[in-house]
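1. Have a look; sequence and predicted model below, questions after that.
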Amino acid sequence: MTAASLHGGLMASPWVVRWTRALPAGRRVLDLACGSGRHLRWLAAQGQHVTGVDRDAAALEDLAAACPQAELITADIESGPWPLEGRTFDVVIVTNYLWRPLLPAILDCVAPDGRLIYETFALGNQTVGKPSNPDFLLRPGELLDAVRGAGGGWRVLGYEDGTLETPLRFVQRIAAVHEANPGAAASAGPPRYPL
């Protein structure tokens, strides 16, 4: 299966593929607000141990049939209890979803030396389509500020804030590592993060 393969009718985001394609198999990956599971399916095909969370039980039922190795959790993460208390993952993926009160919990789910890969809509999107409610659109630099302000040694590997074509949309996206020992002198040289 290639990065361009269709998953649930949608292709995996090039941003997610870029930052996950070099991961060794066997990583614990969380796809939060996974919907039909396009990223979960892509990562399962790469040999990752995948967990998906979404409130849409019907979507998760379809996903369970297509990806039986996945751990799937039906939960309303906006108004119900956080279903991942005390759990961490090597990679946490969030796409096309924003609920600001959850940003600290999402960051806490990233294990030491784990990655956060986040891509969602930004202000300006209201001029081209949905979502158009500013509650669901990132302000300029907001995602970058959330990661930098989280403390605990985050290293930003990639960040973009702009427009994408086909369809036209305004997005912010970040890939960051939650460094276990930020600033520690490594005798073997600095850490290498494939770009």
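-> Structure's in. What do you need?
2. use CA for all of it now, contacts and neighbours both
-> Will do.
3. residue boundaries of the strands in this structure?
-> 6-7, 10-11, 28-32, 49-54, 71-74, 89-95, 110-121, 154-164, 169-178 (DSSP state E).
4. so which of the ones you listed gets nearest G80?
-> Across the strands of the chain, G80 has its closest neighbour in strand 71-74 (10.7 Å, CA to CA).
5. Can you give the contact residues for that closest one?
-> 50-57, 60, 64, 83 (CA atoms under 8 Å, 6 or more residues apart in numbering).
6. rerun that using 7 Å as the cut-off
-> If you take CA atoms under 7 Å, 6 or more residues apart in numbering as the criterion, strand 71-74 is touched by 50-57, 60.
7. With stretch 154-168 instead?
-> By CA under 7 Å, 6+ apart, the residues outside stretch 154-168 that reach it are 128, 147-148, 169-179.
8. okay, those residues in TSV with pLDDT, neighbour count and distance to I117 next?
-> Formatted as TSV, the contacts of stretch 154-168 follow (pLDDT from 0 to 100; neighbours: other CA atoms under 10 Å; distance: CA to CA, whole Å):
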residue	pLDDT	neighbour count	distance to I117
V128	94	12	24
V147	94	23	11
R148	91	15	14
R169	93	21	18
F170	95	22	17
V171	95	21	13
Q172	96	25	11
R173	97	22	8
I174	97	21	6
A175	97	24	5
A176	96	24	7
V177	95	23	9
H178	94	25	11
E179	91	19	14
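9. of all the residues you listed, which two lie farthest apart?
-> V128 and E179 (37.1 Å).
10. Around P167, count how many other residues there are.
-> Each residue near P167 was counted by other CA atoms under 10 Å, and the total is 9.
11. Roughly how far does it sit from K130?
-> P167 sits 11 Å away from K130, going by CA to CA, to the nearest Å.
12. One more: T163?
-> 14 Å.
13. Same drill for the two, tell me which one is more crowded.
-> T163 (15 against 12).
14. what's across from the more buried one in the sheet?
-> Counting by DSSP bridges, T163 forms beta bridges with F170.
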